[in-house]
Every structure is written in C-alpha cells, then in structure tokens.
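[1] Need coordinates for the following:
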Amino acid sequence: MCLSFPKNKNSARSHAFDLYRALAVLAVVIGHMGLYMDKIHGWTKLCLVIPINYGVPLFFIISGYLLASSMTCLREIPGNTYIKSLKSFYYLRICRIYPAYIFWLVIFWMWGILDVSTNINSFATIISGLKFLNNNIDSFAATVAGLKFLHNYIMDLIVHIFNIHNFFSQYSRSINPVFWTLAVEFQWYLVAPALFYLMLGKSHRVMIITFGIILLISIGTRNWMVWNYFSQKISISDMWRLSNEQIYIELYSFALGIVIWRFRRTNWRLPNSGMLFLWVGILLIAFYTYNFYFDINGAGNINEIGAKRLALKENYFQFMVITNMKYISQIILAYIVFHYRNISLPDFLYTATQYTAKISYSMYIVHYPILTKIIPAGQNVISTFALYLILTFAVSNISYIFIEKQFIKLRN
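    Next up is the predicted model:
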C-alpha cells in the first residue's frame with residue numbers, strides 16, 4: 001500500500017503524518033521563540049526549547065518515510081522503469097520544494113542588503129569609486145573593497161540557489177539560518193535513489209548493514225569534529241556547521257524513516273509501560289542537553305552561556321556525552337513515529353492539524369525572519385508570542401495559497 005499525501009481525511013495514516021508535520025513545525029517555531037526571547041528564563045524557557053531538539057530530526061525522519069513511500073509507488077506503476085521513476089520523483093520534489101524556497105530566498109536576500117547599513121555603505125563605495133573622480137590609492141582601494149563585497153553578496157545567493165551553502169562557513173547561515181536544513185534536505189534527494197536501492201530493494205540484512213554504515217559515518221565524523229574543536233584546530237562555528245549541518249551527519253535520520261517504511265506492516269508494538277519509559281527517556285535527554293546551554297535556575301542568554309561552557313576544555317566530556325546521546329534520542333523518536341503511525345484524530349482536532357501540516361513548509365521558511373526582524377524586542381512575552389504566531393500563520397497561509405498550492409497542482 002502506497003502512502004504519499006492522502007486526500008482522504010479519514011485515512012488513519014494521513015492523520016499520523018499530518019500530525020507529525022504539524023508537531024515538527026510547531027516545535028521549531030515555538031522553540032526558536034524560547035531561544036530568542038531573553039525575557040524567558042528558567043523552567044519556562046526549558047519547556048519551550050525542549051521540543052526544538054526533535055523538530056528538525058522529526059522532519060528528516062518523516063521525509064525518509066514519505067519519500068520511500070513515493071518512490072515505491074512510482075516503481076509500482078505499470079511500465080515505469082527505474083529511470084522513469086527517478087524522473088518523476090525529482091519532478092515531484094522540485095514542484096513541491098523549490099518555488100516557495102526560491103521566492104523567499106530572493107526576498108530575504110534583498111532584505112539583507114536593506115537591513116544592514118554597512119551593506120549600503122559598501123554599495124556606495126562601489127559607485128563613488130567607479131566615478132574615478134580621484135585617481136588615487138584610497139579611491140581604488142575603496143572600489144576593490146566594494147566589489148569584493150558585491151561578489152560575496154552575489155555568491156551568497158548563488159550557493160543558496162544550488163543548496164550548497166552549508167559547505168561554506170561564510171554562507172551557511174547568512175540569509176536565513178534555518179535554510180541549512182533545506183540544503184541537507186536537497187542533498188538527501190540526490191543520494192536518496194542509491195539509498196532506496198540498498199534499503200528497499202535488497203534483503204533486510206543489506207538494509208541493516210547500510211544503515212549501520214551510515215550511522216557509523218555520522219557518529220565518527222561528528223565526534224571527530226568535536227574533538228578538533230576542543231583541540232583548538234577549528235572554530236566553534238565550523239565545529240557546529242561540520243558536526244550538525246551536513247548530509248553525511250544527518251543522512252541516518254532519513255535512513256531511519258526508510259527503515260520505518262520497510263517495517264510499516266509489522267504489528268509488534270511496545271506496551272504502554274514501555275512507551276512511557278521511552279517518552280521519559282527522550283525528555284530527560286533533551287533536559288540534559290539544554291541544561292548545558294543555559295542555567296535553568298537563572299537568567300542569561302542561551303548562546304552566551306553555551307559559548308562560555310564550550311570554551312572550557314573541562315566540558316569536553318559532558319559535551320561529547322550530549323553529542324552522542326542525540327543518536328539514542330533520535331532512534332527513540334523514530335520508534336515513536338513507528339508506534340503511532342496509524343493514529344486517528346477526532347475530526348475537530350484533525351482539521352486544525354491538517355491545516356498546520358499544509359502550511360508547515362512555508363511556516364518553517366518564514367518564521368525565523370519574522371521573529372528576528374519584525375517582532376519588536378523587549379516587549380511583553382505574551383503579546384510578543386501572540387503577534388509572532390499570528391504573523392507566522394498569516395504569512396505562511398498566503399505563501400501556501402499563492403505559491404505552494406499553485407505548483408502542487410502541476411504534480412497532478
């Protein structure tokens with residue numbers, strides 16, 4: 001049985017994956033609010049940021065599951081060869097992902113030049129320098145500096161269009177910090193056919209070996225990058241980028257989704273007591289992780305406190321434990337997805353869930369710039385949170401109706 005994006009709202013499986021998408025985007029949207037607002041402290045901050053630990057991994061896991069389903073369905077169409085199925089696969093993905101991404105990419109890219117006064121000055125130096133009113137060294141140097149800025153600014157857009165910005169430290173989080181996940185997602189599409197071949201078309205043994213290799217590559221590379229940082233061989237920004245924001249690190253998350261698809265018809269499930277144990281475990285791992293980055297019983301910016309602790313070599317062991325506990329937590333998360341894959345929601349709840357799931361992609365793209373560039377800082381937490389959610393939902397709905405929905409029609 002195939003699973004793509006079911007139109008039948010009575011489909012239990014449709015309920016589950018709409019619910020997962022809605023929960024994933026809300027975890028990220030609300031979690032960023034908790035991280036961004038300095039007025040939120042202690043246990044309130046912890047409760048808001050814990051879900052963000054699993055928002056992006058949940059997106060990756062369900063992406064692996066749904067794309068494995070999509071590829072399986074394409075292969076089952078009579079007369080479809082593997083190459084023809086791949087062409088259809090990429091056509092469907094491009095129609096779904098690229099239109100809204102390119103639109104908002106250009107908007108945020110142009111917004112950036114208007115938002116930073118130094119950028120305006122850089123363009124002014126180009127104009128004044130090119131007039132050659134003064135044939136002197138200072139004028140020439142200003143022109144070179146301005147042209148260098150212009151080159152970097154254009155390159156920033158180009159690497160984002162091709163979704164390779166996560167390879168470059170200066171561009172990885174330059175236009176919109178959340179775009180790094182879209183680069184990983186795009187790169188996953190490129191390696192997905194090979195992974196589908198090994199994990200869907202072969203025996204369980206080949207599937208398990210393939211997943212094991214992917215997992216070991218991720219664990220080994222991530223630990224190596226962390227060790228290099230604490231050995232002062234790379235900067236903290238490069239450590240973060242190379243140990244988190246790359247396809248060779250995150251590929252195992254997509255592979256987990258493929259494993260779930262492969263075993264989707266398995267009826268074995270943990271009892272309620274076992275599920276309670278997993279839920280407690282996954283929350284404790286998130287608690288332990290964020291306890292490293294900020295003081296639960298005090299105030300302070302999470303980035304500042306985290307950076308200070310990461311600067312101390314004696315925190316190496318604790319950070320390595322946190323780093324490797326991510327794998328345990330994401331495997332638990334994958335099992336939770338598997339366990340509740342056939343969940344059915346009441347109609348009133350599913351209506352809201354389905355709506356949120358539909359606009360989840362646009363929500364993910366636009367929420368961070370809205371939070372950091374539009375929402376006024378230093379305001380009342382409740383009013384700020386309400387304004388943030390209203391604007392995010394409103395802009396995402398417009399984006400879905402006028403961009404996403406129009407291109408989704410081309411898939412049919």
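
[2] Now do the helix or strand containing Leu276, average pLDDT.
    Using DSSP states H and E, the element containing Leu276 is helix 272-293. Throughout helix 272-293, pLDDT has a mean value of 92.

[3] tell me which residues of that helix are tucked away?
    278, 282, 285-286, 289-290, 293 (16 or more other CB atoms under 10 Å). (C-beta placed from N, C-alpha, C; glycine too.)

[4] ditto for stretch 183-192
    Applying a neighbour-count criterion of 16+ other CB under 10 Å, one finds 183-189, 192 buried in stretch 183-192.

[5] where's Tyr252 relative to Ile219, distance?
    Distance, Tyr252 to Ile219, using CB to CB, to the nearest Å: 9 Å.

[6] go on, Lys313?
    For Lys313 relative to Ile219 (CB to CB), the value is 22 Å.

[7] Same question for Val280.
    From Val280 to Ile219 the distance is 24 Å (CB to CB).

[8] any idea how far Thr351 lies from Met239?
    Using CB to CB, one obtains 44 Å as the distance from Thr351 to Met239.

[9] out of the two, which sits in the more crowded spot?
    Shown here are Thr351 and Met239; by other CB atoms under 10 Å, Met239 has more neighbours (20 against 12).

[10] Quick check: which element contains that one?
    Using DSSP H and E, Met239 sits within helix 236-244.

[11] which other helices and strands contact that helix?
    Packing partners of helix 236-244 (3 or more CB pairs under 8 Å, 6 or more residues apart in numbering; DSSP states H and E): helix 204-230.

[12] quick check: mean pLDDT across the helix it packs on?
    The model assigns helix 204-230 a mean pLDDT of 96.

[13] cool, and stretch 324-344?
    Mean predicted confidence for stretch 324-344 is 95.

[14] between Lys313 and Ile219, who's got more neighbours?
    Ile219 (16 against 10).

[15] do you know how far the more buried one is from Ile328?
    11 Å.

[16] coming back round to it: overlap of the contact sets of Tyr252 and Ile219?
    Jointly contacting Tyr252 and Ile219 under the rule CB atoms under 8 Å, 6 or more residues apart in numbering are Tyr327.

[17] about what we covered before: looking at the buried residues of helix 272-293, which one is closest to Asn244?
    Nearest to Asn244 among the buried residues of helix 272-293, counting by CB to CB, is Thr289 at 12.7 Å.

[18] got a list of what that closest one touches?
    Applying CB under 8 Å, 6+ apart, the residues near Thr289 are 53, 322, 325-326.

[19] got these as CSV, with secondary structure columns?
    Below are the contacts of Thr289 laid out as CSV (DSSP: H, G, I helix; E, B strand; the rest coil):
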residue, secondary structure
Asn53, helix
Ile322, helix
Met325, helix
Lys326, helix
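
[20] ok, of these, which one's closest to Phe196?
    Relative to Phe196, the closest of the contacts of Thr289 is Lys326; by CB to CB it sits at 24.9 Å.

[21] thinking again about what came up before, any idea which helix or strand comes after the helix holding Met239?
    As assigned by DSSP H and E, the chain's next helix or strand after helix 236-244 is helix 247-262.
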